[in-house]
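In: okay, structure incoming, though there's no sequence with it:
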């Protein structure tokens, strides 16, 4: 069961990373840095925050506190990144750190106690904490992407008006044990 949990967590994280990737592919460079108002975050700011959080949480996470001394959370919301390339490099660096950490885990690691800001979590709890945190921010990225693309937005899920056809297709097939992310992730490989 623990291996199923780790595999499921990896697929969930990969799914949300892919939602971000597919959003970025639809945006111009300027749109990545657009802010609704000075108090709102741009996609760039959200990416920087995720990057900082991922590096802090997942670097040596079994042996060091998840809130690293070198992390500057406040700077994650600044506007010092100016290019798509630099931004996407941070996005990928954060996810690479996360996946490297997850891929190193064994069943026995899931019940180990780790710390985030000096508060104890099992590894399972720490994974679950980030499975709530990262999709929250990826949802913000997608929402901003939809706003700035307006009618040029290409849906990342079932497009409006196509739910019935989608469900009809799914229910016309034999029951499947596939995880819902398998289909989505497989589609990204082609």
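Out: Here it is on my side, so go on. Everything quoted here is computed from the prediction, not taken from an experiment.
In: buried ones in stretch 84-98?
Out: Buried residues in stretch 84-98, counting neighbours by 16 or more other Cβ atoms under 10 Å, are found at 84, 87, 88, 90, 91, 94, 95, 97, 98. C-beta coordinates here come from the backbone N, C-alpha and C atoms, glycine included.
In: name the residues that touch it?
Out: The contact list for stretch 84-98, computed with Cβ atoms under 8 Å, 6 or more residues apart in numbering, reads 13, 17, 20, 24, 29, 32, 44, 47-48, 50-55, 57-59, 81, 130.
In: how about stretch 48-59?
Out: 41, 66-68, 71-73, 75-78, 81, 87, 90-91, 93-95, 97-98, 100-101, 116, 126, 130, 133-134, 137.
In: residues of it that come out buried?
Out: Buried positions in stretch 48-59, judged by neighbour count with 16+ other Cβ under 10 Å: 48, 49, 50, 51, 52, 53, 54, 55, 56, 57, 58, 59.
In: any chance you could map the strands in this structure?
Out: 113-116, 119-122 (DSSP state E).
In: ok, so what distance separates the residue lying closest to residue 94 once chain neighbours are set aside from residue 122?
Out: Nearest non-adjacent residue to residue 94, counting by Cβ to Cβ, 6 or more residues apart in numbering: residue 54, 3.5 Å away. Residue 54 sits at a distance of 19 Å from residue 122 (criterion: Cβ to Cβ, to the nearest Å).
In: this structure: helices as residue ranges?
Out: Using DSSP state H, the helices of the chain run over 2-24, 29-32, 43-58, 84-103, 123-149, 163-171, 180-189.
In: to residue 155, which of those lies closest?
Out: helix 123-149 (8.9 Å; Cβ to Cβ).
In: quick check: bridge partners of residue 121?
Out: residue 114 (DSSP bridges).
In: got a list of what it touches?
Out: 113, 114, 115, 129.
In: helices and strands of this structure: which one has the lowest mean pLDDT?
Out: None of the helices or strands of the chain scores lower by mean pLDDT, DSSP states H and E than helix 180-189, at a mean of 64.
In: now, which of the buried residues of stretch 48-59 sits nearest residue 165?
Out: Relative to residue 165, and with distances defined as Cβ to Cβ, the nearest of these is residue 50, at 34.2 Å.
In: sorry, back to before: just say which of the helices of the chain is most tucked in.
Out: helix 43-58 (a mean of 23; mean count of other Cβ atoms under 10 Å).
In: which of the contacts of residue 121 sits closest to residue 164?
Out: For the contacts of residue 121, the minimum distance to residue 164 (Cβ to Cβ) is 36.8 Å, reached by residue 129.
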